[in-house]
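Participant: The sequence and its predicted three-dimensional model are supplied below.
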2 protein chains.
Amino acid sequence: MAGRRERVRQATLAEIRAVARRLLIEQGPAAVTINAVAREMGMSGPALYHYFAGHEELVGAVTADFFRELTEVMEAAREAHPPGEHGRRLLATCRAMRKWAITHRAEFGWVFASPLTGERRPGSPRELAGRDFEAVFLEEVAALWESRPFPVPAELEPSIRKQLRAYTASAGLGLPVEAVHVFLSCWIRLYGLLCMEVLNQLDFAYSDLEPVFEECLREIAPKLGLDYESP
Amino acid sequence: MAGRRERVRQATLAEIRAVARRLLIEQGPAAVTINAVAREMGMSGPALYHYFAGHEELVGAVTADFFRELTEVMEAAREAHPPGEHGRRLLATCRAMRKWAITHRAEFGWVFASPLTGERRPGSPRELAGRDFEAVFLEEVAALWESRPFPVPAELEPSIRKQLRAYTASAGLGLPVEAVHVFLSCWIRLYGLLCMEVLNQLDFAYSDLEPVFEECLREIAPKLGLDYESP
DNA sequence: ATGTTTCCTTAATGGCTCTAAGCAAACTTA
DNA sequence: TAAGTTTGCTTAGAGCCATTAAGGAAACAT
């Protein structure tokens, strides 16, 4: 079924993305250019336009790769614990996320500081991979809520409720708006911390943020009714 | 003293930065190029090298401008309240920061997502302006601690204590390490939230983060022993 | 064996950064 | 005031980039 031609094409596509990634790691975001990737592969620049419509699309594809890899790492860490142990599964997922982020700084930084604007549109590979990534946490929290609902605030600021209603519906899980709100509060703290770390916004005070991250986990865990456990 | 020549030079410098900023706002970060700025001013590209050593330095100067402007806005908001009312002063400062950030999205985003690497080195205009910005909060928190110390955790994770000792000393304020830690925890939550908002990392769930920001303030205030007040 | 598709090439346009060489006006100084 | 220096610009050009266009050769389908 997959003819030889198609196989070769897929191999070339994979090599392009691999080279792009290598350039990002070795020489920074600015070095990921169509020409540089082609040169590195022994091809002429315009040849790459048979594989990607342009620079933006290449960047989007590479970003999607990063999301997928990160998602896989997180899922693997989560599945190292039995399905019922939501606390351990969530903690493992969080730690796997940070570990990947700091061992792949260039890639993780690229994800939000990428010079993209258009590639985030609905339907793009990047957008789809982003949703999967997000789902790793969301699904586990939904399962946790199913088996052992965590405490939620009685009332919600009206504007927040209104905004979250749309998101809650689109997520399609059985979570009430209030639970989504608690989850997002935790998410913002965790992801925000990582974001600042990778963008070097905390260098002025910290050189190693691992204990700060753990402290964040310790504060977040009880909000989801979970016990914090040291790594 | 300031000869005519020097005056003209300063005016040109100011115009360059103003044009760079306009290009950033109107056409995004990628449009801020030496050539484009020069063209916009009716000059030839290389002329700008008499004012800035290169693209990096121009970007750094513009970034420093943003920091300075943001710092001024925050200080003005703070000074709208009497010196003794630390709570109101800090809340006003925080709100002024977010207001500036969302009314100047391009500029605020530029500050951390800027393609700079070298311009962050010690002594650069950007680095100095960044310190002043940081000081707006830090000084007020120091004054608060002076007049009404907030509760701090009895013990600190050893690695965190060690790291913060250096920063606390360099900051040169009379704050103990524990208080600096509490301050930084608050800072990370606030700045991290803003960072994610401006980098569009929360669009998937929220369209208006103002109530989320206020909720963050409500949670942070008691950590500094302050009363939260609605805006 | 023929026609089509696919993959790649080179050429070319126009943008970018940055260096080099040179001209002219403006200041400085004797 | 005249000579020399500094300053502010110019154009030319090298070398990078993205992207389009035109064409050749190999692989595939019929």
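Facilitator: Arrived safely.
Participant: residue boundaries of the helices in chain A?
Facilitator: A:4-27, A:34-40, A:55-79, A:86-103, A:105-113, A:125-147, A:158-171, A:177-198, A:210-220 (DSSP state H).
Participant: any chance of the ones you listed in a markdown table, plus mean pLDDT?
Facilitator: Below are these laid out as a markdown table (pLDDT from 0 to 100):
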| stretch | mean pLDDT |
| --- | --- |
| helix A:4-27 | 94 |
| helix A:34-40 | 97 |
| helix A:55-79 | 96 |
| helix A:86-103 | 97 |
| helix A:105-113 | 88 |
| helix A:125-147 | 90 |
| helix A:158-171 | 92 |
| helix A:177-198 | 95 |
| helix A:210-220 | 98 |
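Participant: Among the ones you listed, show me which one is buried the most.
Facilitator: Stretch with highest mean neighbour count among those: helix A:177-198 (a mean of 22; mean count of other CB atoms under 10 Å in any protein chain shown). Every C-beta, even on glycine, is put in place using the N, C-alpha and C of the backbone.
Participant: Show me what that helix is packed up against.
Facilitator: Counting contacts by 3 or more CB pairs under 8 Å, 6 or more residues apart in numbering or on different chains; DSSP states H and E, helix A:177-198 packs against helix A:86-103, helix A:105-113, helix A:125-147, helix A:158-171, helix A:210-220, helix B:177-198.
Participant: Not counting sequence-adjacent ones, nearest residue to the residue of chain A at minimum distance from chain B?
Facilitator: With CB to the nearest CB, the shortest gap between chain A and chain B falls at A:Gly192, namely 2.9 Å. For A:Gly192, ignoring the flanking residues on the chain, the nearest one in space by CB to CB, 6 or more residues apart in numbering or on different chains is B:Gly192 at 2.9 Å.
Participant: what's near enough to touch the one you found?
Facilitator: B:Gly192 makes contact with A:188-189, A:192-193, A:195-196 under the criterion CB atoms under 8 Å, 6 or more residues apart in numbering or on different chains.
Participant: try A:Leu156
Facilitator: A:Leu156 neighbours (CB under 8 Å, 6+ apart): A:164, A:177-178, A:181.
Participant: do A:Tyr228 as well
Facilitator: A:91, A:217-218, A:221-222.
Participant: export the helices of chain A to a markdown table and tack on distance to B:Glu140?
Facilitator: Below are the helices of chain A laid out as a markdown table (distance: least, CB to CB, whole Å):
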| stretch | distance to B:Glu140 |
| --- | --- |
| helix A:4-27 | 40 |
| helix A:34-40 | 48 |
| helix A:55-79 | 38 |
| helix A:86-103 | 31 |
| helix A:105-113 | 30 |
| helix A:125-147 | 35 |
| helix A:158-171 | 28 |
| helix A:177-198 | 21 |
| helix A:210-220 | 23 |
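Participant: So for DNA strand C, which of those helices sits nearest?
Facilitator: helix A:4-27 (4.0 Å; CB to the nearest atom of the strand).
Participant: quick one: the closest one near DNA strand C?
Facilitator: Yes. Using CB under 7 Å from any atom of the strand, we find that helix A:4-27 touches DNA strand C at A:5, A:8-9, A:12.
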